[in-house]
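Novice: Mind folding the following:
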Amino acid sequence: MKKILLIAILMVSGISSAQIKLSGIVKDTIGNPLEMANVIALDTVSKKISSYGFTDAKGYFKLDLKKNTVYNIKISYIGLKSISDIVATKGVDVVKNYTMLNDNTLDEISIVSKMPVTIKGDTIVYNADSFKNGTERKLEDVLKKLPGVEINEAGEIEIEGKKVEKVMVDGKDFFDGDSKLATKNIPSNAVDKIQVLRNFGDVSQLRGVQDNQDRIALNIKLKEGKKNFWFGDVTAGLGDSPNDGLYLFQPKLFYYTPKYTLNIIGDVNNIGEVVLNRRDVRNFSGGFRSQSPSNGTNLSIADAGIGFLNANARNANRIETKLSALNFSYSPNKKLDLSGFLIFSNNANGQRNITTENYIDNQNRNDVVTSTTDQFSNTGLFKFSAIYKKDFNNQLNYDIVGRFSNERRDDAVNSRVLSNISELERATPFRINQNLSYFYTASEKSIFALEVQHLLQDEDPFYVASLENDPTNNNNLPTDANPPDGFDSTANVLGLDGTLPMYELNQNRRVQSNQADVKLDYYYILNEKSNLNFVGGTILSRQNFDSRFFQVLDPVAGTTLDPTPTFGTNPRTTNDTEYNFTDLYAGVRYRAKSGIFTFTPGFTVHAYNMNNTQYGTEYFKETFQKLLPEFRMIMQFKRSESLTLDYRQQVNFTDVNQIARGIVANGYNAYFSGSADLMNATIHNVSLFYRSFNLFNASNVFARVAYTKTIDQISTNFNFVPNSVVSTRTNLNSPFDNETFNAFGRIGKTFKKIRTSIGGNFLYSKSFQFLQGGVNQNEIYNHSYTTTIGTNFIKAPNVSLRYRVSFTDQISSNRPQDFKGVTHAPSINFDAYIWNSLTVRSDFSFNEVKQNGVVTNSFKIWDMTFAYRKNRDAKWEYELVGSNLLGTDSRATVNANNILTSINETFILPRFISLRLRYQL
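Specialist: Down below sits the predicted model:
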């Protein structure tokens, strides 16, 4: 080891001693330093870029160059004449200053375009080839190597700690900007440039009068050879696993011209490679951005959807996926753009869990629950969009997006307390969104923006639960030789018939939502540095909830029982509720720039009207007015460094599910009754965000702190049925304030070919829960730290090491001791492109969970891929892919709250080995 370390030190010393530094200052003709000027050292023999850099705020630059070499130093800056200077290095450092002259030509643009990273205003441009070493296959493989860019665990792109809102290809939305579809499917060899669009705005007319600091988009520029031709790849594969044979077929085809585009994605596999899971599909908004939160009102839309578990390779033991997706865009002329997509997704998966539950207040409730779940989901998505730009002053947009699903879930459960249970839930929900917007520039000082959104949603879940029952012991005591069944006490509370060998429970639910959101903005430009924004609008919402909970007495004869529960206020087992909500609002914002500061104070005034009718005879109505202030201040220290302070007050309104007072079964062990007189919650949010992207010293820093205080939070009142694990629940507006403070930060720096980063998160939350007639205060302290170091070589293997450790301390007023959890998660990734033909990739991760100092679970996952192609331009590629090579059977998670502590063991996909053949178009 000492010898290896000594050799490494000598190599580094040798490399360093073979280099000299070229440094200097770049100014304009009046002596002002130029920040972010591009400086390139071009080897006059090889004609390649040997070194590059940028000037800092003082105009200073430095380049590492080889000794005894002749370089062409090229300096460029937008609007100024480029400089070309021949420098011959010897054995000492060189200092040279440069002055740039005014010029509007764009000479040397071909040289600048080859730089790995450039900044043009709010746009960061990455040259993709500068970060490739041959192991990349998809866009996400390239993005992971870019400084300041992260792919989170959900597969979404994050830049500067913010999720990327939209992904475009050559300026056209890719499946309406869905980042996951883009990262998993766009081939890496088609990517020329990756443009990060900060302060992104959809409408060019509004970019000068809005603050879009929180909005980030990506635009993927294709290589010239990929335009006007079909490109993409088709992959097919077979494999083996301990249980089943494996199959995979993935065609991914793309066609781009200036006038129209086509994207076709197909995926059929049982290997666990899910492009869009059910949660992704349900969250696929089609690019809609609600206008309501920006004006202070948050209204929940009722969701009675099936309790479908989200499946992936690390929490399911069976996954079958079918996906067909078509995306198009067509521009018949310069004024009109048409686009849309069709997506069909079929997901079938299985899950198996063993959960050990230890209750705080009564150890007699302690339970071990084994569950086997089979899930099936068919979903269709469509969208059509039209953008008409009559001229710069007029733009009309229209969108319609729909989702239709057919879902089913079956559970076989064994509970030590409740015995055997079977559950079934099925639903056929649909959702249709429409958006119409018109933007009109009346004059140089006046801009109007009208936006209308309409939502139509229908949810219809049907639920069945079957529980074993011994009718002979219903009235026995727990101490008797034949004690009552675990569900008998719950059956009494619910008013069920206990004379049958099975409790057959059924529930119909129907939730319909119809909402319109209309907003008109008027922007008046006072001068170059300030403008006023007058806003007025309304939200009109109607939600209907109908349900029936009943017991089937004789399935053959069809006889049923509508039980009479004994919990809640005048409880019923049916719901017939209509909930109407109206918000009329108006407001004003003032935006002004002064030096490095941009101030945007404002407020909105709201007139709220809420009423609900239950069973046609019970009425509740509330009207009130509210003034909601807001304030934002941006300090722009440099073009790539800023600090943003944001405060806003918001009002949260619940949905019809929470106010319908009839009994609803949320599962075999949880029964809920709402409250018609629930009030709104008021939220105070304040945050501070700092970002710095410094190309001069190859570093990026992002940090954010935020505090949230919620008044009149809607909370749940838990009560356990005596001698049972079954709970009955109601809700109320908490008289106590909930508080949350969170902070995160990340620092990344590149040392030549070594990338490093360190980051941390801290969360403190205080909340209150109502249990068995008492009030419990819960406090959570969570802090985690992540550090990574990796190489980014072009012609050598790359290694990335990552270590994450998280600490959780949960304090509950009814818990005798604090709950302390620690998770250690190191990982190592390796990729190499060998002999210009063989790609080797290896991913290994280890996870260890401790509870109060005791290891409760640890697991290891190792995936590996070997891929062979004749050369980088070869059409055919052969892959041998192994996942979960160590054969890990399960993983465990530990959860704790003021009710119980649980350890959940989840069984995962077994070892998979597959052989794949890929053809590159």
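Novice: Can you show me the helices along the protein?
Specialist: Counting by DSSP state H, the chain has helices at residues 2-17, 109-112, 139-143, 179-185, 278-282, 488-494, 656-659.
Novice: Distance from the fourth one to the middle of the chain?
Specialist: The one in question is helix 179-185. Its chain's C-alpha centre and that of helix 179-185 lie 13 Å apart, by C-alpha atoms, centre = their mean, to the nearest Å.
Novice: Comparing the helices of the chain, which yields the minimum mean pLDDT?
Specialist: Ranked on mean pLDDT, the bottom entry among these is helix 2-17, at a mean of 43.
Novice: tell me, what residue is most central in this protein?
Specialist: When C-alpha atoms, centre = their mean is applied to the chain, the residue found nearest the centroid is residue 156 (5.4 Å).
Novice: do you know how far that one is from residue 183?
Specialist: Distance of residue 156 to residue 183, computed by C-beta to C-beta, to the nearest Å: 8 Å. (C-beta placed from N, C-alpha, C; glycine too.)
Novice: shared neighbours, those two?
Specialist: Common neighbours of residue 156 and residue 183 are not found (criterion: C-beta atoms under 8 Å, 6 or more residues apart in numbering).
Novice: Surely residue 795 and residue 133 touch.
Specialist: Yes - contact status for residue 795 versus residue 133: in contact at 7.0 Å, counting by C-beta atoms under 8 Å.
Novice: So which of the two has more stuff around it?
Specialist: Between residue 795 and residue 133, counting by other C-beta atoms under 10 Å, residue 133 is the more crowded of the two (19 against 8).
Novice: which residues does the more buried one contact?
Specialist: Contacts for residue 133 (C-beta under 8 Å, 6+ apart) come out as 793-796, 798, 831, 833.
Novice: What distance do you get for it to residue 123?
Specialist: To residue 123, residue 133 is 25 Å away according to C-beta to C-beta.
Novice: what does residue 813 give?
Specialist: Residue 813 is 52 Å from residue 123, by C-beta to C-beta.
Novice: Could you do residue 215 as well?
Specialist: According to C-beta to C-beta, residue 215 and residue 123 sit 13 Å apart.
Novice: of the two, who's got more company?
Specialist: A direct count of neighbours by other C-beta under 10 Å for residue 215 and residue 123 places residue 215 higher, at 18 against 14.
Novice: my guess is the more buried one meets residue 200, correct?
Specialist: Yes - contact status for residue 215 versus residue 200: in contact at 4.4 Å, counting by C-beta under 8 Å.
Novice: Can you check which residues contact both of these two?
Specialist: Counting by C-beta under 8 Å, 6+ apart, the residues touching both residue 215 and residue 200 are residue 165.
Novice: OK, contacts around the residue nearest to residue 583 when sequence neighbours are not counted?
Specialist: Excluding the flanking residues, the one nearest residue 583 by C-beta to C-beta, 6 or more residues apart in numbering is residue 539, at 4.2 Å. For residue 539, the contacting residues are 292, 297, 299, 515-518, 581-583, by C-beta under 8 Å, 6+ apart.
Novice: Quick one: buried ones out of these?
Specialist: 292, 297, 299, 515, 517-518, 581, 583 (16 or more other C-beta atoms under 10 Å).
Novice: Can you check the pLDDT for residue 68?
Specialist: For residue 68, pLDDT reads 89.
Novice: give the contact list for it.
Specialist: 89-91 are the contacts of residue 68 under C-beta under 8 Å, 6+ apart.
Novice: Repeat that for residue 268.
Specialist: Applying C-beta under 8 Å, 6+ apart to residue 268 gives the contacts 247-250, 321-323.
Novice: How many neighbouring residues does residue 128 have?
Specialist: 23.
Novice: related to what we said a few turns ago, let me know the closest of the contacts of residue 68 to residue 562.
Specialist: residue 89 (91.0 Å; C-beta to C-beta).
Novice: how far away is that closest one from residue 751?
Specialist: From residue 89 to residue 751 the distance is 22 Å (C-beta to C-beta).
Novice: So those two - more neighbours on which side?
Specialist: Neighbour tally, residue 89 and residue 751, criterion other C-beta under 10 Å: the higher count belongs to residue 89, 19 against 10.
Novice: If residue 465 is in a bridge, with which residues?
Specialist: Under the criterion DSSP bridges, residue 465 forms beta bridges with residue 423, residue 505.
Novice: Make sure it is actually in contact with residue 418.
Specialist: No - between residue 465 and residue 418 no contact is recorded; they are 10.5 Å apart, counting by C-beta under 8 Å.
Novice: got any residues that touch both of these two?
Specialist: Contacts common to residue 465 and residue 418, judged by C-beta under 8 Å, 6+ apart, are residue 668.
Novice: Narrow the contacts of residue 539 to those in strands?
Specialist: Residues of the contacts of residue 539 located in strands (DSSP state E): 297, 299, 515-518, 581-583.
Novice: mind showing which ranges of the protein have poor pLDDT?
Specialist: Scanning the chain for pLDDT under 70 picks out 1-18, 104-114, 161, 177-178, 276-293, 305-306, 309, 568-569.
Novice: And the residue nearest to residue 759 when sequence neighbours are not counted, how far from residue 740?
Specialist: Nearest in space to residue 759, with sequence neighbours left out and distances taken as C-beta to C-beta, 6+ apart, is residue 746 at 3.4 Å. Here residue 746 is placed at a distance of 20 Å from residue 740 (C-beta to C-beta).
Novice: Same question for residue 146.
Specialist: 32 Å.
Novice: Equivalent analysis for residue 233, please.
Specialist: Residue 233 is 45 Å from residue 740, by C-beta to C-beta.
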